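>>> missing the sequence, but the structure's below:
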């Protein structure tokens with residue numbers, strides 16, 4: 001008897017592995033033991049210039065006390081570049097390191113993942129790996145990712161985003177074995193995060209959760225953790241922004257960003273990320289800020305494709321939807337997300353970060369080629385993306 005397979009857009013789902021993670025106050029003090037357990041004796045410590053905060057000295061001390069030697073590489077910019085990846089690889093080889101410890105947010109972690117890809121592939125250009133990869137031999141370079149921001153969730157994903165400085169766009173690189181070996185998420189390392197970065201990274205986490213939940217991939221295992229991330233953000237982000245020393249808020253956001261990263265690791269990003277990737281490559285603009293600016297116009301557009309999901313998002317954000325129709329609840333969800341952005345004083349527009357009318361065609365073209373556009377809840381094309389860009393100018 002023939003088996004009747006229902007024809008759907010994405011009939012097969014893939015749940016991607018995530019690294020073992022230690023989460024909580026003082027977790028960073030386990031860095032030395034964790035590094036040793038995954039086989040690191042001499043770590044390349046990759047960071048984005050956090051030395052002035054005292055965090056790098058503290059982590060270095062913890063590693064050294066456990067007998068793990070360190071070489072610091074701090075030449076990573078907020079949007080990691082292809083040449084920075086290769087500079088990190090050169091430092092790794094010259095110091096004869098046997099593992100990586102990345103300290104920071106997505107920039108540090110992504111550079112570390114990309115450096116491991118280059119090393120595992122005999123020094124090939126990182127540009128060779130744009131898109132989906134599946135290496136015959138898994139990456140075996142141990143990587144401990146220690147997170148200091150509450151946004152990207154990169155410490156738990158198998159993707160990395162690197163700027164191609166020749167073509168001026170962000171490569172979205174997937175490789176199942178590229179995720180960190182272990183992760184540490186410690187709210188104590190997030191307490192000194194400036195207000196603006198608290199806002200940008202917190203909104204980044206919200207975009208991850210919303211897009212993973214509404215993505216047409218429909219990876220059910222991402223739904224619950226995405227909704228919980230949304231609930232945590234609605235409850236804690238304003239407080240973390242208003243008072244960085246609010247311990248409950250910082251811990252809530254530490255969990256929120258991890259949950260958002262966990263959700264997006266299998267559930268995927270959508271068109272907000274496509275736009276942010278394109279703008280980040282062309283203008284070297286902050287990823288969280290780009291996400292924040294594009295977020296509301298895109299959600300108002302997407303809402304009609306899955307109003308039930310948006311109604312659930314509204315409830316997760318604390319909206320009392322009693323007596324509302326589904327579409328009314330969905331509309332209130334978008335209103336609540338917009339109110340959160342306003343409460344965080346995010347007033348910038350794309351013109352403020354350097355986008356000009358003559359850039360719009362190029363940005364839309366690159367964004368449309370981004371994988372995330374394929375799974376956006378509502379179908380888009382380059383004209384749709386141009387509309388978003390102009391709405392956000």
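Great, that's in hand. Here the structure is a predicted model, which means the values were calculated and not measured. Residues are numbered from 1 along each chain as shown.

>>> tell me what the helix or strand encompassing residue 57 is packed against?
Using DSSP states H and E, residue 57 maps to helix 55-65. Applying 3 or more Cβ pairs under 8 Å, 6 or more residues apart in numbering; DSSP states H and E, we find helix 55-65 packed against helix 31-37, strand 42-47, strand 69-73, strand 99-104. Backbone N, C-alpha and C define where each C-beta goes, glycine included.

>>> which one of these is the most hemmed in?
strand 99-104 (a mean of 29; mean count of other Cβ atoms under 10 Å).

>>> after that one, which helix or strand is next?
The first helix or strand that comes after strand 99-104 along the chain, using DSSP H and E, is helix 106-120.

>>> ok now that following helix, how far from the chain's centre?
14 Å (Cα atoms, centre = their mean, to the nearest Å).

>>> tell me, what residue is most central in the protein?
For the chain, residue 152 is the residue whose C-alpha lies nearest the centre (Cα atoms, centre = their mean; 3.1 Å).

>>> list the contacts for it?
Neighbour list for residue 152: 105-106, 109, 201, 204-205, 208, 257, 261, 287 [criterion: Cβ atoms under 8 Å, 6 or more residues apart in numbering].

>>> and residue 237, by the same measure?
Contacts of residue 237 by Cβ under 8 Å, 6+ apart are 198-199, 202-203, 206, 249, 253, 256, 340, 344.

>>> residue 13 too?
Going by Cβ under 8 Å, 6+ apart, residue 13 touches 217-221, 266.

>>> at 6 Å what do you get?
Residues near residue 13 by Cβ atoms under 6 Å, 6 or more residues apart in numbering: residue 219.

>>> next one: it from residue 219, what distance?
Separation of residue 13 from residue 219 (Cβ to Cβ, to the nearest Å): 5 Å.

>>> so the helix or strand where residue 248 lies versus helix 106-120, what angle?
Taking DSSP H and E as the criterion, residue 248 maps to helix 247-267. Angle between the axes of helix 247-267 and helix 106-120 is 40 degrees (criterion: axes from the mean of the first three to the mean of the last three Cα atoms, to 10 degrees).

>>> helix 247-267 packs against which elements?
Packing contacts for helix 247-267, counted by 3 or more Cβ pairs under 6 Å, 6 or more residues apart in numbering; DSSP states H and E, involve helix 195-214, helix 220-242.

>>> in the shortest one, what's buried?
Applying a neighbour-count criterion of 16 or more other Cβ atoms under 10 Å, the buried positions in helix 195-214 are 196-214.

>>> for it, name the packing helices and strands.
Applying 3+ Cβ pairs under 6 Å, 6+ apart, one finds that helix 195-214 contacts helix 220-242, helix 247-267, helix 287-302.

>>> burial-wise, tell me which of these comes out on top.
helix 247-267 comes out most buried of the helices and strands packed on helix 195-214 by mean count of other Cβ under 10 Å, with a mean of 26.

>>> average model confidence for that helix?
Mean pLDDT, helix 247-267: 97.

>>> ok and that helix relative to helix 220-242, angle-wise?
Going by the same axes, to 10 degrees, helix 247-267 makes 150 degrees with helix 220-242.

>>> what lies in contact with the helix or strand just after helix 247-267?
Per DSSP H and E, the first helix or strand lying C-terminal to helix 247-267 is helix 271-283. Residues from elsewhere that reach helix 271-283 (Cβ under 6 Å, 6+ apart): 79, 163, 168-170, 207, 285, 287, 290-291, 294-295, 298, 353-354, 363, 366-367, 370, 372-373, 376, 380.

>>> mind doing that once more with 8 Å?
Helix 271-283 has contacts (Cβ under 8 Å, 6+ apart) with 79, 161, 163-164, 167-170, 172, 207, 211, 285-287, 290-291, 294-295, 298, 302, 350, 353-355, 359, 362-364, 366-368, 370, 372-373, 376, 380, 384-385, 388-389.

>>> buried ones from the residues you listed, can you make that a ChimeraX selection?
In ChimeraX syntax, the buried subset of the contacts of helix 271-283 is picked out as below (16+ other Cβ under 10 Å):
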select :79,161,163,164,169,170,172,207,211,285,286,287,290,291,294,295,298,302,350,353,355,359,363,364,366,367,368,370,372,373,376,380,384,385,388,389
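
>>> please narrow the contacts of helix 271-283 to those residing in strands.
161, 163-164, 169-170, 172 (DSSP state E).

>>> residue 162: neighbour count?
As a burial measure, residue 162 scores 27 neighbours (other Cβ atoms under 10 Å).

>>> residue 169 is in contact with that one, correct?
No - using Cβ atoms under 8 Å as the test, residue 162 is too far from residue 169 to be in contact (10.2 Å).

>>> so residue 266 is in contact with residue 222, correct?
Yes - assessed by Cβ under 8 Å, residue 266 is found in contact with residue 222 at 5.3 Å.
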